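[1] Give the three-dimensional model of this entry:
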Amino acid sequence: MYVAMTRPATPFPMFIPPIEPKTKEKGPPGNNGRTAESLVDRRRRSGGRVVLFEDGDPGVVVPGRTTRRTGCRRNRSRHHAGTVRGFRRRGPSRRAPSGLEGPSEVDVAAIFEAGSGANMQHGTLVHAWLEHTEWADRIPDDQTLQQIAHRNHIHVDDLDVRIAKLRTDLQQPEIQAMLTEGSYHQHQWLPFNDDVSQQILEGDGPQLEVQCEYPFTINRDGGILNGTIDRLVLLRHGDSIVAADTIDYKTDYVENQDDIDEKVEYYRGQLEAYRNAVSRVFGLDDDHIATRLAFVGAGQLATV
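    Reported below is the predicted structural model:
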């Protein structure tokens, strides 16, 4: 839901049901939780059936638009595995892979409290920049990075500092290797078992196709699972896809290996959903699909 709210590909309506009047803390909202509460307060005062907030172009964004863009190849078409037809008032429940992280029961209030508004904004900014970064030698210039920030309605006084930090973060060995084409031609670096790695490196090695913000929809466990993969690297031999590297960017603060191990377990459900989606969309066996977390600030890659 957070991704849908901050980086929507199409108009994203939200409806707030009637709520009984209740005393609320006064003052401007200081984080996402307070922002939601502020909208609810306005809903109580409005008497209902009004638009509380609206921003952006109400027209639907279509795949053929021409206002793009440097960086990764993007495919706006949502890839379906399993049949999902028409609109039904009742039917399978819809979930996002990010809803599969952590415990099986999630308190919505805790989601708003999980991180400060500033941290979430910075995460949105880093994701937006990396969306335009296909390889380490093709990072957008500073002016383009500034434009990306402004398109995402992020206006901060230290933008130049953040851009400089991004460039420093991407030069860390593990992150730079992840963003280097040659890494996928090195047996010891490939995140697959020996047999799969040997298959990948046959002949002249793989041709690489990078997809950023790759959308998908699958039928899973009796429901519909929608998601977007931050970075999907498809490894091809001719017209055949032989393997896929699925990478999810994280801006979470991690201090040591114990922190990383804890995050790996927390996000395992999300990454397993990505593996399931890639397997069904591209017809790959699980051992031909790598799922990894990239802790950009810490310069660490973790296999899930």
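[2] isn't residue 233 right next to residue 181, touching?
    No. Here residue 233 does not reach residue 181: they are 9.5 Å apart, not a contact under Cβ atoms under 8 Å. Using the backbone N, CA and C atoms, a C-beta is placed for each residue, glycine as well.
[3] Between these two, point out the one with more neighbours.
    A count of neighbours by other Cβ atoms under 10 Å puts residue 233 above the other of residue 233 and residue 181, at 22 against 14.
[4] if I look at the more buried one, how far off is residue 185?
    The gap separating residue 233 from residue 185 is 13 Å, by Cβ to Cβ, to the nearest Å.
[5] State the mean pLDDT of the lengthiest helix in the chain.
    As assigned by DSSP state H, the longest helix anywhere in the chain is helix 257-282. Mean pLDDT, helix 257-282: 95.
[6] mind listing what's buried in that helix?
    Residues 260, 263, 267-271, 273-282 are the ones in helix 257-282 that count as buried (16 or more other Cβ atoms under 10 Å).
[7] partner strands of the helix or strand following that helix, parallel or antiparallel?
    As assigned by DSSP states H and E, the chain's next helix or strand after helix 257-282 is strand 289-295. Here strand 289-295 is paired, per DSSP bridges, with strand 240-250 (parallel), strand 300-303 (antiparallel).
[8] Need these in TSV (columns: mean pLDDT).
    Below are the strands paired with strand 289-295 laid out as TSV (pLDDT from 0 to 100):
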stretch	mean pLDDT
strand 240-250	98
strand 300-303	96
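[9] tell me the most buried of those strands?
    strand 240-250 (a mean of 20; mean count of other Cβ atoms under 10 Å).
[10] Compute the inter-axis angle for it and helix 257-282.
    With axes from the mean of the first three to the mean of the last three Cα atoms, to 10 degrees applied, the angle from strand 240-250 to helix 257-282 works out at 140 degrees.
[11] which residues sit against strand 240-250?
    126-127, 130, 178, 184, 191-192, 196, 199-200, 206, 229-236, 263, 267, 270-271, 274-275, 278, 282-284, 288-296 (Cβ atoms under 8 Å, 6 or more residues apart in numbering).
[12] redo that, cut-off 7 Å
    Contacts made with strand 240-250 from outside it, assessed by Cβ atoms under 7 Å, 6 or more residues apart in numbering, are listed as 126-127, 130, 178, 191-192, 196, 199-200, 206, 229-236, 263, 271, 274-275, 278, 282, 284, 288-296.
[13] Just the buried ones from those, in ChimeraX syntax?
    To isolate the buried members of the contacts of strand 240-250 in ChimeraX, using 16+ other Cβ under 10 Å:
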select :126,127,130,178,191,192,196,200,206,229,230,231,232,233,234,235,263,271,274,275,278,282,284,288,289,290,291,292,293,294,295,296
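[14] mind showing which ranges of the stretch 51-200 of the chain have poor pLDDT?
    51-53, 55-71, 73-117 (pLDDT under 70).
[15] what about the helices in it?
    108-113, 117-131, 142-151, 159-170, 173-178, 194-200 (DSSP state H, counting those that start in this stretch).
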